[in-house]
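> dropping a prediction and its sequence here:
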Amino acid sequence: MSLLFNSISLAGKTLKNRIVMPPMTRSRSTQPGDVANDLMANYYAQRAGAGLIISEGTQISELGKGYARTPGIYTGAQVEGWKKVTNAVHKAGGVMFAQLWHVGRVSHESNTGGRQPVSSSALQAEGVKVFIDENNSPGFVQSSVPRALSKEEIKAVVEEYRHAAQCAKEAGFDGIELHGANGYLINQFLDSQANNRTDEYGGSLENRLRFLKEVVSAVSTVFDSSAVGIRLAPLTTLNGAVDENPEQTYVEAVRALNELEAGYVHIAEADWDDAPEMAVRFKQAIREAFDGILIYAGKYTRDRAVQALEEGWADMIGFGRPFVSNPDLPARLQQGIALAEHDPDTLFGGAEKGYTDYSVAS
């Protein structure tokens with residue numbers, strides 16, 4: 001078990017353990033304006049015992065927003081809000097990266113200022129619902145039909161990522177993570193069945209990787225590439241993104257990220273009941289393709305986490321849901337203390353209840 005509590009270096013920082021608090025949408029930002037606030041600062045600071053905290057998905061633009069009440073990181077007010085969070089986390093001894101998020105087609109006009117969502121292609125994510133809040137009546141609705149981005153617009157979105165990275169730096173984050181998983185915009189370019197473009201951004205795997213590589217290169221002009229992470233989800237079919245040959249696609253994606261000298265790759269494993277299992281050979285192929293830190297997340301227990309570290313295909317492990325209801329999760333794992341269960345009715349929206357009111361073990 002000591003492996004889980006060994007330190008590790010990332011982007012010039014010494015992380016105190018191998019435990020990651022991964023991104024989890026909680027929809028508590030201040031409205032209007034999608035601004036991080038004191039409540040969020042308290043929430044993250046409570047969990048600063050993690051070796052690395054990665055913020056909830058944080059939209060890079062109005063058109064990048066997919067769900068009501070999620071925070072942004074592209075305006076001055078949003079930067080000031082996030083400063084409260086990073087200051088609190090640093091004061092508590094933590095290290096925190098911002099997850100930069102553009103949802104692409106996984107949105108609705110209610111969340112994008114009335115504008116039609118965009119994607120790699122004009123393909124709707126059928127059966128995919130998003131959280132909206134019209135006239136203080138929150139609920140889930142079918143995501144909208146998107147339009148395909150033009151090549152000029154793609155360049156503009158890449159610049160939005162760069163601008164958001166600059167905002168994250170000004171807000172005091174130690175680095176950034178690009179959300180390239182779970183069917184959002186980067187994933188919509190990457191996965192073969194979400195991308196039917198016929199230009200240099202579609203078709204061949206080399207072309208489908210182009211957007212990811214351009215975004216990584218852009219944000220690496222703001223943060224050193226060692227402080228840039230990317231989240232990928234090779235086998236998840238969340239939000240309708242599916243690839244015909246995920247092992248080939250994602251090993252090549254990781255190889256490209258290695259060439260760009262990214263700091264880490266964060267693999268989100270499918271974690272629902274009867275989900276496809278990611279074979280160890282697949283994980284080993286990713287290990288061989290990447291020289292940086294590899295983070296895995298997806299229903300890991302303490303014992304599974306230790307085994308992953310021992311086998312060498314993972315360097316850090318993300319614990320998602322357990323961090324919701326166990327702000328002192330690293331201490332509980334180290335001491336073998338039972339974990340508290342979270343209240344699913346308080347995950348999205350609301351205030352302190354089910355957010356900052358979970359107790360630490362005595």
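Done, it's in.
> I'd like the mean pLDDT over stretch 74-81, please.
Here stretch 74-81 scores 98 as its mean pLDDT.
> neighbouring contacts of that stretch?
Residues from elsewhere that reach stretch 74-81, judged by Cβ atoms under 8 Å, 6 or more residues apart in numbering: 29-30, 33-37, 40, 59-61, 71-73, 160, 163-164, 167, 170-171. Heads up, the C-betas are built off the backbone N, CA and C, glycines and all.
> contacting residues for residue 94?
44, 45, 47, 48, 49, 50, 53.
> need phi/psi at the last one.
When you say that, I think you mean residue 53. Phi and psi for residue 53, reported as degrees, to the nearest 10, are phi -110, psi 130.
> shouldn't it be in contact with residue 89?
Yes - counting by Cβ atoms under 8 Å, residue 53 does reach residue 89; the two are 6.2 Å apart.
> now the common contact residues for those two.
Contacts common to residue 53 and residue 89, judged by Cβ under 8 Å, 6+ apart, are 44, 95, 96.
> got a winner among those for most neighbours?
Greatest neighbour count in the shared contacts of residue 53 and residue 89, by other Cβ atoms under 10 Å, goes to residue 96: 26 neighbours.
> wait, that residue touches residue 85, no?
Yes - the pair residue 96 / residue 85 is scored as a contact, 7.4 Å apart, by Cβ under 8 Å.
> between those two, which contacts overlap?
Joint contacts of residue 96 and residue 85 (Cβ under 8 Å, 6+ apart) are 44, 55.
> in the stretch 101-250 of the chain, which spans are helices?
Using DSSP state H, counting those that start in this stretch, the helices assigned to the stretch 101-250 of the chain run over residues 151-170, 185-190, 205-208, 210-219, 246-259.
> list the buried ones in the last one?
With burial defined by 16 or more other Cβ atoms under 10 Å, the residues of helix 246-259 counted as buried are 246, 247, 249, 250, 251, 252, 253, 254, 255, 256, 257, 258.
> what is the rounded mean pLDDT of that helix?
98.
> report the buried members of the contacts of stretch 74-81.
The neighbour-count test (16+ other Cβ under 10 Å) marks 29-30, 34-37, 40, 59-61, 71-73, 160, 163-164, 167, 171 as buried among the contacts of stretch 74-81.
> those in strands, which ones?
The members of these that map onto strands under DSSP state E are residue 59.
> what's the spacing between residue 149 and residue 258?
27 Å (Cβ to Cβ, to the nearest Å).
> ok, residue 242 next?
25 Å.
> kindly report the same for residue 107.
Residue 107 is 31 Å from residue 258, by Cβ to Cβ.
> with residue 211 instead?
Taking Cβ to Cβ, one finds residue 211 at 18 Å from residue 258.
> now swap in residue 29 and tell me
From residue 29 to residue 258 the distance is 34 Å (Cβ to Cβ).
> related to what we said a few turns ago, redo the helices of the stretch 101-250 of the chain as JSON lines? Include distance to residue 111.
Putting these into JSON lines (distance: least, Cβ to Cβ, whole Å) gives the following:
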{"stretch": "helix 151-170", "distance to residue 111": "16"}
{"stretch": "helix 185-190", "distance to residue 111": "14"}
{"stretch": "helix 205-208", "distance to residue 111": "26"}
{"stretch": "helix 210-219", "distance to residue 111": "21"}
{"stretch": "helix 246-259", "distance to residue 111": "28"}
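> okay, now the unreliable bits of the stretch 251-362 of the chain?
Along the stretch 251-362 of the chain, segments meeting pLDDT under 70 span 274.
> the helices in it, which residues?
Under DSSP H, counting those that start in this stretch, the stretch 251-362 of the chain gives helices at 280-289, 302-311, 321-325, 329-335.
> surely residue 84 touches residue 42?
No - with contacts counted by Cβ under 8 Å, residue 84 stays clear of residue 42, the gap being 9.5 Å.
> grab the nearest non-local neighbour of residue 110.
Once flanking residues are discounted, residue 110 sits nearest to residue 132: 4.1 Å by Cβ to Cβ, 6 or more residues apart in numbering.
> dump the residue contacts of the one you found.
67, 68, 108, 110, 111, 138, 139, 140, 141.
> show me what it is bridged to.
residue 139 (DSSP bridges).
> what do you get for residue 54?
residue 97.
> so what's the residue count around it?
Neighbours of residue 54 (other Cβ under 10 Å): 28.
> if I look at it, what pLDDT would I see?
99.
> residue 330 against residue 53, yeah?
No - with contact defined as Cβ under 8 Å, residue 330 and residue 53 do not form a contacting pair (11.3 Å).
> and the helices of the stretch 251-362 of the chain: which comes nearest residue 19?
helix 329-335 (5.1 Å; Cβ to Cβ).
> got the buried residues for stretch 214-229?
Result for stretch 214-229 [16+ other Cβ under 10 Å]: buried residues 214-216, 218-220, 222-223, 225-229.
> cool, stretch 195-209 as well?
For stretch 195-209, a neighbour-count test (16+ other Cβ under 10 Å) marks 195, 197, 201, 202, 205, 207, 208, 209 as buried.
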